[in-house]
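K.L.:
Give me the fold of what follows.
(one chain, ligands or ions: 1)
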Amino acid sequence: MTDQSTRDYDAIVIGAGFSGLAMLHHLREIGLRTLVVDGEDGIGGTWWVNRYPGVRTDSEYSYYSFSFSKEVRDEWTWTERYPSGDEVLSYLNFVADRLDLRKDIRLNARVDSAVYDEAANTWTVNLADGTHLTTKYLVSGMGVLSQAVYPDIPGIETFRGEKYHTAQWPRAGVDLAGKRVGLIGLGASGIQIVPVIASEVGEFFVFQRTPNFVVETNNDKVAEEDMAWLRANYDAVYEKAANHPFGVAMEPAEHSALEVSEEERRRIFEGKWNEGGFHFANECFTDLATNHEASELASEFIRSKIHEIVKDPEKAELLSPRTYSFNGKRVPTGHGYYNAFNHEHVHLIDTATTPITRISEKGIVVGDTEHELDVIIFATGFDAMTGTLTNIDIVGRGGRTLREKWAAEGLKSNLGINANGFPNFFMSLGPQTPYSNLIVPIQLGAQWLQRALKWAEENDIPYFEATPESEEWWRAETERTGRLTVMYTEGKKAKAWFLGENIPGKPEEFQVYMGGGQVYQQHCRDLEESGYAALLYRQPATVQA
Ligand code: NAP
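P.N.:
Residues are numbered from 1 along each chain as shown. Here you go, the predicted model:
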C-alpha cells in the first residue's frame, strides 16, 4: 500500500553501521525502497570512527557477526578471537559488497533533522547539504555509543598541543612516537589504547579518576578448523547467544558464588580468568550481576590479580577499584592493560584524591602540579543510548522533538523500538533495549521490523506508534528489572553510562534493559503474536496511505 509516487523512499535508515546494514538488507527483502544515509565518508558506523590504536571487539568473533546470510557465513574468515577494529571494518565492507548493499547507501549525508508531516503521514529527512528526502518509514541506526563527549574541564580549549578523542580518531593515524602523551578516561576505550601506545610514546601520563575491573582476554588466532566448525554450527552458536541474558554464546553458570567453598570459588575464578574476556563475568557464577556479596567476591579476586601483575604495590593499589564492586561499570576487557603499568615511563596519576583543576596551554594541571604534554587523548566516553537521537531534531506529532519528549516525560519507549508521538519511526538499539553483545538485538531487531512492516503493508496499516500505556509499562519494567541488579547500586557509585550518570545533568534512568536479552526477545515475540494490537496504534484517524 506504500504510495510510491509521492515519497522518495519507503524507508530511510540513518546510519551505515551494523544496524543500518542489517536494516537495509531486511527491509529490501520485503520490497521496501530503502535508502541508508550516513554522515561519514565510509560505512562501518562505530567501527569507522573508532580507529584509535588498540581498538578491537570485546566479544568473540563467533557471535560478533551476523548469522542471517549463508554467503557471508561461508565466505568470510575471521583471523582473531577478538578481531581488531580494522578486521571488523573489513567484515562490514565485505557484508556490504556480498549483499550488494552499497547501491542503496548514501555517504557524506549527515542528517540535520527529520520531520513528521501528520497530514501526509510522511517523514522528511533534511540533510546538512540542503537535500530533503521523503519517506514513509524512518529508522534510526545511529548507534548507542556514538555521541562522543569531552569532559567539562576548564581551559580545555587553551591547550596548544594536539588533542584527540578516541571516538573521533584521525583516519591518517597519529604519530605518538617519543611524545609526552596524556590520557584522560579509563573505560573500555582508554583501557584498549593504554598497552598499545605505551610502547610507542616517550612519556605516558595516565590520569585516572575511577579505576576499572579489567578482565584480560588472552586473545588468540582463529585456526582454520575453528572457522570450519563455526560455519557448520552458526545457527546453534547464534541461538545460544540469543538465549543468553547478555547476548554471548556462553554456558550458563551453575552455582551462586556464595554456595561454594573458598577454595572451589578461587578455582572457578582462576579457570575463567585464564579463559579470558567475558567468560569471567558470565560463566563463573550465577549471581555476579545480581548479588552484591557475590560481586564483591569477584572484585576481591580481580584486585588480587592486579596486585600479582603490577609490580609496584602502590600503583597496583591505585589501579584496584575500592569504591564500587564488579559489574558497577560495563566490564572492559584488556590486552596487557595491567602489565603496561610496569613500564617506568607509564605514570599513573590519581585524580580521585587530587582532581584535575584545569587544562593549561602546556598540559594538564592536577592540584597545583602541571604535567607538560605534547598530546592529550580523551577517552571520555559518550552520551550513551539517547545522545545521537537527541542531538538532531527528530520532530514528531505536533512539532515536538524526541529530545523535548524525553526531557518532559523521562526516558520512554515501547521496548526501545518506537515512541509515542513518532508514528512510523523505529529504532535499532533504541534506549531501553538489552545490555548485551549488540549484534544479537541488532539482527533480531531488523528481522522483527521486517516482519512487522511486511504485516503493516499487507494489512494496509498506515502507521505504527507506541501507545502511552506501552511506554509506561516498558519504562517501569526497565527500572524494575534494572534495580534487581548490582548495576543499580554499584553503577550509581561508579557513575556508569548505563544509568546516565556519566553526563552532568542527565537524569538517572536505566538507559538499557537489564532484565536479559532472552526475556526482551520474548516480549518482542509477544507483541508480534498479539498482531501488534496490544501495544501499537493501528486504527488511525484519516491519514493518507
Ligand atoms: P566510558 O566507559 O564512559 O569511560 C569514560 C572515562 O572517562 C571514565 O574513565 C571516566 O572517569 C573518564 N572521564 C569522563 N569525564 C571525566 C572528567 N571530567 N575527568 C576525568 N575523567 C573523566 O567510555 P568508553 O571507554 O569510551 O566506553 C564506553 C562504552 O563503549 C563501553 O562501556 C562499551 O560499552 C563501549 N566500548 C566498547 C568497546 C568494545 O567492545 N571493543 C570498546 C570501547 C568502548 P570516571 O569513571 O571517573 O567517570
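
K.L.:
Can you name the residues that contact the closest residue to the ligand within the stretch 101-250 of the chain?
P.N.:
Among all residues of the stretch 101-250 of the chain, G187 sits closest to the ligand, at 2.1 Å; criterion: CB to the nearest ligand atom. C-beta coordinates here come from the backbone N, C-alpha and C atoms, glycine included. Applying CB atoms under 8 Å, 6 or more residues apart in numbering to G187 gives the contacts N212, K329, R330, P332, A379, G381, W497.

K.L.:
which one among those residues gets closest to E203?
P.N.:
Distance to E203, by CB to CB, is smallest for A379 among the contacts of G187, at 17.9 Å.

K.L.:
That closest one contacts I197, correct?
P.N.:
No: here A379 does not reach I197: they are 11.0 Å apart, not a contact under CB atoms under 8 Å.

K.L.:
Mutual contacts of those two, please.
P.N.:
Joint contacts of A379 and I197 (CB under 8 Å, 6+ apart) do not exist.

K.L.:
for whatever residue of the stretch 1-150 of the chain ends up closest to the ligand, helix, strand, or coil?
P.N.:
For the stretch 1-150 of the chain and the ligand, the shortest gap (CB to the nearest ligand atom) falls at D58, measuring 3.5 Å. Applying DSSP: H, G, I helix; E, B strand; the rest coil to D58 yields a three-state assignment of coil.

K.L.:
Around the ligand, pick out the residues from this structure.
P.N.:
Neighbours of the ligand within the chain, by CB under 6 Å from any ligand atom: 56-58, 145, 151-153, 184-190, 192, 209-210, 330, 351, 356, 379-382, 495, 497, 502.

K.L.:
any idea of the pLDDT on Y532?
P.N.:
pLDDT, Y532: 87.

K.L.:
ok, how many other residues are close to it?
P.N.:
By other CB atoms under 10 Å, 18 other residues sit near Y532.

K.L.:
my read: it touches L453, true?
P.N.:
No: using CB under 8 Å, Y532 makes no contact with L453, being 10.6 Å away.

K.L.:
Of the residues of the chain next to the ligand, which belong to helices?
P.N.:
A188, S189, G190, Q192 (DSSP state H).

K.L.:
Between these, which sits nearest L536?
P.N.:
Of those, the one sitting nearest to L536 (CB to CB) turns out to be A188, at 35.1 Å.

K.L.:
Looks like that closest one contacts T333 (just checking).
P.N.:
Yes: A188 is within contact range of T333, at 7.4 Å (criterion: CB under 8 Å).

K.L.:
Which neighbours do the two have in common?
P.N.:
Counting by CB under 8 Å, 6+ apart, the shared contacts of A188 and T333 are D58.

K.L.:
Comparing the two, which residue is more hemmed in?
P.N.:
Set A188 next to T333 and count neighbours by other CB under 10 Å: T333 wins out with 24 against 21.

K.L.:
all helices in the stretch 51-200 of the chain, in order from the N-terminus.
P.N.:
With helices called from DSSP state H, counting those that start in this stretch, the stretch 51-200 of the chain shows them at 70-75, 85-98, 188-198.

K.L.:
Contacts for the first one, please.
P.N.:
It refers to helix 70-75. The contact list for helix 70-75, computed with CB under 8 Å, 6+ apart, reads S65, F66, S67, F94, V95, R98, L99, R231, Y234.

K.L.:
Now the buried members of the residues you listed.
P.N.:
Neighbour counting by 16 or more other CB atoms under 10 Å classes S65, F66, S67, V95, L99, Y234 among those as buried.

K.L.:
Widest-spaced pair of these?
P.N.:
Longest span within the buried ones among the contacts of helix 70-75, CB to CB: L99 and Y234, 16.1 Å.
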